[in-house]
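>>> mind looking at a prediction? Sequence and model below.
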Amino acid sequence: MNLKIDHKSPIPLHIQAENLLRELIKQPEYIEGKMLPNEIELAKRLAISRSTLRLAINKLVYEELLIRKKGIGTKVASTKFSSKSKNWLSFSQEMKNRGIEVKNFELHVSWVVPDKAITKFFAVDEDQKLLKLERLRGKKDDPFVYFISYFHPRIGLTGDEDFKRPLYEILEADYHVVADLSQEEIDAVAANKFIADKLEINTGDPILSRKRFVFDQSGKPIEYNLGFYRAESFTYTVESRRDY
């Protein structure tokens, strides 16, 4: 694509740069995740100052069309993943319904003695070891959520399962446990260093923390799940109906 600023035009330089960037990010390679040229290179190609270019980039970042990653660069913002409070689905099901292929960037299984809040939820002894499943997930080249799940020992999970399969498919098909009810708590929090490194953001950046308590058809707890989402990648929609 030919990027050219008309220095004789009455249109301000930063507006021209903004319009060129809007066209540039429509190119397939940038939609698919290719980083934009760095500011020095791009400013040189446009024959404008970096401060002028930064005004244009900042406008598109503000509009959530671009995202910046410290030490990596600037790229087109991915379409936000949206979830509704009604008609609860698993993460894999939600993504599949949107035609998005889920990628596991990391997958860790361990047996741990969890925090007291978790043993209390499951009503097990405080020194009881539970299966802990950690997964960094997202779309191609775009990890945007880190999940930590704990499971009730009653289920019978061994840790040798193929957790690349949808989780609730494993529970239902292999252990005859059906996830029926999800209760959730959602907070806006600052990312700690561990989560920031996983999500490729800065420590202290805002993220969405989603705590999910999952029960089977008889009302027994089966999963305690923590999800940490990059803020620009997730929208949570609440649907309410007024009672008369």
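Nice, I can see it. Residues are numbered from 1 along each chain as shown.
>>> all helices for this protein, in order.
13-24, 28-31, 39-46, 50-62, 91-97, 116-122, 167-175, 193-199 (DSSP state H).
>>> which residue packs closest to residue 100, ignoring adjacent ones?
Nearest non-adjacent residue to residue 100, counting by C-beta to C-beta, 6 or more residues apart in numbering: residue 139, 5.8 Å away. For glycine as for every other residue, the C-beta is placed from the backbone atoms N, C-alpha and C.
>>> what's the answer for residue 61, then?
residue 68 (6.2 Å).
>>> swap in residue 216?
Sequence neighbours aside, residue 222 is the residue nearest to residue 216 in space, at 5.2 Å (criterion: C-beta to C-beta, 6+ apart).
>>> one step back: who wins for proximity to residue 109 among the helices of the chain?
helix 167-175 (12.0 Å; C-beta to C-beta).
>>> using PDB, write out every CA atom in that closest one.
Once non-C-alpha atoms are left out, helix 167-175 reads as follows in PDB (Å, rounded to 0.1, in the frame of the first residue of the first chain):
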ATOM      1  CA  LEU A 167     -13.400 -29.500  29.700                       C
ATOM      2  CA  TYR A 168     -17.100 -30.100  30.200                       C
ATOM      3  CA  GLU A 169     -17.100 -32.700  27.400                       C
ATOM      4  CA  ILE A 170     -14.500 -34.600  29.400                       C
ATOM      5  CA  LEU A 171     -16.500 -34.400  32.600                       C
ATOM      6  CA  GLU A 172     -19.700 -35.500  30.900                       C
ATOM      7  CA  ALA A 173     -18.400 -38.100  28.500                       C
ATOM      8  CA  ASP A 174     -15.800 -39.700  30.700                       C
ATOM      9  CA  TYR A 175     -17.100 -39.100  34.300                       C
END
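>>> what does it contact?
90, 92-93, 133, 149, 155-157, 161-163, 177-179, 222 (C-beta atoms under 8 Å, 6 or more residues apart in numbering).
>>> beta partners of the nearest residue to residue 195 once chain neighbours are set aside?
Distances taken as C-beta to C-beta, 6+ apart place residue 228 nearest to residue 195, at 4.9 Å, with adjacent residues excluded. With DSSP bridges applied, residue 228 shows beta-bridge pairing to residue 146, residue 209.
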